[in-house]
Each structure stands twice: as C-alpha cells, then as structure tokens.
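Trainee: Kindly generate the corresponding structure for this input.
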Amino acid sequence: MRRTALLIATLGLATPAAAQRVPGRDLLDFPIGALAEPPVMASADVALWNPANIIPTGSNRGRIGFASVQTPTDLGVSVVGLSVAAALPANLAAALSAVRGSVAGIPRTSLDPSTLAGDVPYNTTMLSAGFARRTENVTAGVALRYRTGTVDTERRGAFGVDGGLLADSLFGRGIRGALSTFLWRPANGADEETAYSGALDTQLYKLDSTLVTRAGYALTLVEQRTVEHYVFASAASKRLEVRAGLARHESSGEGEWSFRVGTGLQYGRYHVGVAREGARDGLGGIYQFTLTTLIK
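Mentor: As a prediction, the model looks like this:
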C-alpha cells in the first residue's frame, strides 16, 4: 500500500532526471507542531514553518519546544522536531530548530544476493537558523536551512532560505494575515518542491481577555505536486485553547478531505498540546504531541 508507493517514489529519486533532488521531502508535509492551526500561522509550540513566528510571546525571554508526529502502522512515518527561540533587543529574535523524519519497515524487493540486508532506509533531517524583527503590527522573518536526505545507499543535502510575514491587525480590524515559503532553494525550487503558504483569520467574538474565538482560511501550494485548502476555527481562554478545521488536499487531479482537531493547555510556563488528523487513503489517524517551556 502506502509503503510500496513510497518505495517506488524514492527509488525514482535516483534517476538522472532527479539527480539534484534531496530524498525525504514528503516526510516534511506533516504539519508538525501546528496543532490544527495553518502551519504558516502556527507559533505556540515549535515554530518551524514561518520564521516570522519565532518571536516569544509577551515579555518572555525565550521558548523551548518539542513536537512529534506519529502515523498509523501502515504508513510507518515518524517525525520529531525541537526548537529554541530567544528574544533579543530592538524587537529582534533568533531561533534554532531541528526536524527529523523517517519511515520504518520499507522492505527490500531485490533478490540479488549482493544487495544490503535489512529494510530500505528512508529519512530526512532539516536544521534551521531563524531571525525575525517586529515593527508595530508586522513581523518579518528569514530562516536559513540545511536539509539532508537518505534513500537506500543514496544520501544528498542542500541549503535553502525561507521568508515569512505575519500581520497582527489588517485594515484596522481584528484580522490577521500570514505569508511564508518553506524549503525554497535559489534556482532549484522545483527540485525541493517548495511550499508557498498564505492565511487569513478574523476575530468572531471576544469576552474581555478571557475568551476569544476566531475563524479563517489558509492555502498551501507545493510546487509541482499538491494544493491544500484549509478552513479553520478556534476558541481560546487564558489556559485552554481548542482548534478544528477541514482540509482539502488536491494532487494529480484528485481531491480528498480530512478533519483536524487540536487542543492546548497552558499551565504556568508550560504548554502541552495534542492533535489528530484523519490520514489520507483511509489509513487511520495521524497524531501530534507538543510540549513547550517558556523562559521568563
């Protein structure tokens, strides 16, 4: 099933037409750390997707976040991420992050006795250094990235750079907007299948500072591959937040819907979150877990 498709795709990466492509790009399609938010707006835990989101909230001096994704056994995908962000003078911030994705249990199909024993290794690792600056209601950020990928005996790596914007208030109203790139390589965006994302959400209801509800729409375009539409809503109090959304994933002329739901709990300087998304192809649920510590 899915593993067989992955194996065919990864072996195809070794062909001359894709000689510059770094293996494992599809392992970073999972919105790790987003907790049912659009990745371009996600900042509460592990801000990996939009470098404008790395600035710690409020008067906090920093943030340490951990996130993981677990998929059904038939997929066998595991993704983990770790980020450290620090506030700097003059409304600046810097962050370091690492993400590791891998697939377990891809069997070898060759009967050649000279081939290696064991399963086919398929994984990717991404290291990032991000910088952001806030000016009034707009934050701009940039991230320098290095990604390596392995499929079977092939291992490749490449540098990239991403940018992002986050506006807290548009048109003088409670409307937020965000834009970002993910995995852009100069003159080689198609090889890396760069993702371009944008999102808008607006405040629906606010009860003092104790309850805020919002709703919005996000669009993500992955170069030469997929389009995702995402309609979402959230409700947040001082300690608890709940998010839910409906995503439509379009690829190769076909579309599929999936439902996402997530919740987060703030207790002192700790934030814990869990989320679930229905896996495509009817293979079960994809689960996320995040843990964040604020540095005051």
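Trainee: Look up which helix or strand residue 199 falls in, please.
Mentor: In this assignment (DSSP states H and E), residue 199 forms part of strand 195-207.
Trainee: What residues sit buried inside that strand?
Mentor: Within strand 195-207, the residues that qualify as buried by neighbour count (16 or more other Cβ atoms under 10 Å) are 195, 196, 197, 198, 199, 200, 201. For every residue, glycine as well, the C-beta is placed using N, CA and C.
Trainee: The last one is in contact with residue 232, isn't it?
Mentor: Yes. Contact between residue 201 and residue 232 holds when scored by Cβ atoms under 8 Å: they sit 7.4 Å apart.
Trainee: Now for the two: what residues contact both?
Mentor: Counting by Cβ atoms under 8 Å, 6 or more residues apart in numbering, the common neighbours of residue 201 and residue 232 are 215, 216, 217.
Trainee: Just among these, which is most surrounded?
Mentor: By neighbour count, taken as other Cβ atoms under 10 Å, the most surrounded of the shared contacts of residue 201 and residue 232 turns out to be residue 216 (23 neighbours).
Trainee: ok, that one - contacts?
Mentor: For residue 216, the residues meeting the contact criterion (Cβ under 8 Å, 6+ apart) are 38, 176, 199, 200, 201, 202, 231, 232, 233.
Trainee: do the same with residue 273
Mentor: With Cβ under 8 Å, 6+ apart as the criterion, the residues that contact residue 273 are 35, 44, 45, 262, 263, 264, 265, 288, 289, 290, 291, 292.
Trainee: of the contacts of residue 216, closest to residue 277?
Mentor: residue 232 (11.9 Å; Cβ to Cβ).
Trainee: next helix or strand past the helix or strand where the closest one lies?
Mentor: Element membership of residue 232 [criterion: DSSP H and E] is strand 226-236. Of the helices and strands lying after strand 226-236 in sequence (DSSP H and E), the nearest is strand 240-251.
Trainee: Now that next one: average pLDDT?
Mentor: For strand 240-251, mean pLDDT rounds to 93.
Trainee: Just the closest of the contacts of residue 273 to residue 184, please.
Mentor: Within the contacts of residue 273, distances to residue 184 taken as Cβ to Cβ reach their minimum at residue 45, with 23.3 Å.
Trainee: what about the helices in the stretch 1-150 of the chain?
Mentor: Read by DSSP state H, counting those that start in this stretch, the stretch 1-150 of the chain holds these helices, from start to end of the chain: 2-12.
Trainee: what ranges do the strands span in it?
Mentor: Ranges of strands in the stretch 1-150 of the chain, per DSSP state E, counting those that start in this stretch, are 62-70, 77-88, 92-103, 122-135, 138-151.
Trainee: Reformat those as CSV; add distance to residue 169 and mean neighbour count.
Mentor: CSV is the format used below for the strands of the stretch 1-150 of the chain (distance: least, Cβ to Cβ, whole Å; neighbours: other Cβ atoms under 10 Å):
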stretch, distance to residue 169, mean neighbour count
strand 62-70, 23, 21
strand 77-88, 21, 20
strand 92-103, 20, 20
strand 122-135, 13, 19
strand 138-151, 9, 20
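Trainee: Quick check: residue 284 vs residue 249, distance?
Mentor: 16 Å (Cβ to Cβ, to the nearest Å).
Trainee: Could you check which of these two has the larger neighbour count?
Mentor: Neighbour totals were compared for residue 284 and residue 249, and residue 249 leads with 17 against 13 (other Cβ under 10 Å).
Trainee: thinking again about what came up before, can I get the strands of the stretch 1-150 of the chain in CSV with distance to residue 54 and mean pLDDT?
Mentor: Compiled in CSV, those are given as follows (distance: least, Cβ to Cβ, whole Å; pLDDT from 0 to 100):
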stretch, distance to residue 54, mean pLDDT
strand 62-70, 8, 93
strand 77-88, 5, 93
strand 92-103, 4, 94
strand 122-135, 5, 95
strand 138-151, 6, 95
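Trainee: got the ones you listed as JSON lines, with distance to residue 245 columns?
Mentor: Supplementary listing: those in JSON lines, determined by distance: least, Cβ to Cβ, whole Å:
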{"stretch": "strand 62-70", "distance to residue 245": "17"}
{"stretch": "strand 77-88", "distance to residue 245": "20"}
{"stretch": "strand 92-103", "distance to residue 245": "22"}
{"stretch": "strand 122-135", "distance to residue 245": "25"}
{"stretch": "strand 138-151", "distance to residue 245": "23"}
